[in-house]
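Novice: Let's see this in three dimensions:
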Amino acid sequence: MQETIIKIEGMSCGHCKAAVEKALKAVPGVETAVVSLEEKQAVVTGNATMHAMREAIEDAGYEVF
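Specialist: This next block holds a predicted model:
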């Protein structure tokens, strides 16, 4: 199982954090997803592809950089 750090722009509150975590956890292959507003990132474990995770975050209304 690998750990991936994804930098995310556009999150500003607890609702944003929860929305990104929910979107990531719905991606097949994601085991855990922990989002930090302060660090503007998500730490994801599992074997999901970066493309699938990026798409889920962008579909939720946030930007991956």
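
Novice: List the contacts of the longest helix belonging to the chain.
Specialist: As assigned by DSSP state H, the longest helix anywhere in the chain is helix 14-25. Residues outside helix 14-25 that contact it (Cβ atoms under 8 Å, 6 or more residues apart in numbering): 8, 10-11, 30, 32-37, 42, 44, 53, 56-57, 59-62. C-beta coordinates here come from the backbone N, C-alpha and C atoms, glycine included.

Novice: And stretch 41-58, how far out from the chain middle?
Specialist: 5 Å (Cα atoms, centre = their mean, to the nearest Å).

Novice: how about the strand or helix carrying residue 56: buried residues?
Specialist: If you go by DSSP states H and E, residue 56 is part of helix 50-59. Buried residues in helix 50-59, counting neighbours by 16 or more other Cβ atoms under 10 Å, are found at 53, 56-57.

Novice: Distance to residue 22 and pLDDT added to those, as TSV?
Specialist: Shown next, in TSV, are these (distance: Cβ to Cβ, whole Å; pLDDT from 0 to 100):
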residue	distance to residue 22	pLDDT
53	13	98
56	9	98
57	11	98
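
Novice: about what we covered before: model confidence over the longest helix of the chain, on average?
Specialist: For helix 14-25, mean pLDDT is 98.

Novice: Please apply the same query to stretch 35-47.
Specialist: Computed over stretch 35-47, the average pLDDT equals 97.

Novice: and it, how far from the chain's centre?
Specialist: The answer for stretch 35-47 is 6 Å, by Cα atoms, centre = their mean.

Novice: Buried residues, that stretch. List them.
Specialist: For stretch 35-47, by 16+ other Cβ under 10 Å, it's 35, 40-42, 44, 46.

Novice: could you dump those to a markdown table with distance to residue 21 and secondary structure?
Specialist: Shown next, in a markdown table, are the buried residues of stretch 35-47 (distance: Cβ to Cβ, whole Å; DSSP: H, G, I helix; E, B strand; the rest coil):
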| residue | distance to residue 21 | secondary structure |
| --- | --- | --- |
| 35 | 5 | strand |
| 40 | 14 | coil |
| 41 | 12 | strand |
| 42 | 7 | strand |
| 44 | 10 | strand |
| 46 | 13 | strand |
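
Novice: okay, among the residues you listed, which ones form the most distant pair?
Specialist: Within the buried residues of stretch 35-47, 40 and 46 form the most distant pair, 20.8 Å apart (Cβ to Cβ).
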